[in-house]
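# curious how this folds, go ahead:
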Amino acid sequence: MAKRVTDFLTNNSLLYSHQFGFRQKYSAVLALIDVIDDIYGYLENKNFVLGIYLDLQKAFDTVYHSILLWKLNNINFEAFSGTVE
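Predicted coordinates for the structure are as follows:
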């Protein structure tokens, strides 16, 4: 099921371009490089930079399944193809 959801989201361009977690060929290292690149860009333009980092490791433990199913339905994701017996 995870592969079907991931394939659907990827094939329909529904993932945020800076979504690094849970995607093949995207890693924490690439996320860090992206952030560092942004920081250097702001500093070169004489802007201030502030970082706030949150640990969302347990975030998926608090997902409301009814809302998740509603959102999947709204993007026309079909969990099952054919009939279930």
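
# would you mind measuring the gap between the ends of stretch 47-56?
28 Å (CA to CA, to the nearest Å).

# how far off centre is that stretch?
Centroid displacement of stretch 47-56 relative to its chain, using CA atoms, centre = their mean, to the nearest Å, is 18 Å.

# please apply the same query to stretch 52-69.
Distance of stretch 52-69 from the chain centroid (CA atoms, centre = their mean) equals 12 Å.

# likewise for stretch 1-18?
9 Å.

# what's the end-to-end length of that stretch?
23 Å.

# what's that stretch in contact with?
Residues outside stretch 1-18 that contact it (CB atoms under 8 Å, 6 or more residues apart in numbering): 22-23, 31, 34, 72, 75, 77, 79. (Each C-beta comes from the backbone N, C-alpha and C, glycine too.)

# so for it, mean pLDDT?
Stretch 1-18 comes out with an average pLDDT of 84.

# hang on, the earlier thing: which of the contacts of stretch 1-18 scores worst on pLDDT?
Out of these, that is residue 79, at 67.

# OK, contacts around residue 30?
Residue 30 neighbours (CB under 8 Å, 6+ apart): residue 20.

# please report how far residue 28 lies from residue 34.
11 Å (CB to CB, to the nearest Å).

# between these two, which contacts overlap?
Any residue near both residue 28 and residue 34 by CB under 8 Å, 6+ apart counts here, and that gives residue 20.

# please say which of the two ends up with more neighbours.
Using other CB atoms under 10 Å as the criterion, residue 28 and residue 34 rank with residue 34 on top: 14 against 9.

# distance check, the closest residue in space to that one that isn't next to it in sequence against residue 69.
Spatial nearest neighbour of residue 34, chain neighbours left out: residue 18 (6.6 Å); criterion: CB to CB, 6 or more residues apart in numbering. To residue 69, residue 18 is 25 Å away according to CB to CB.

# sweet, I'm off.
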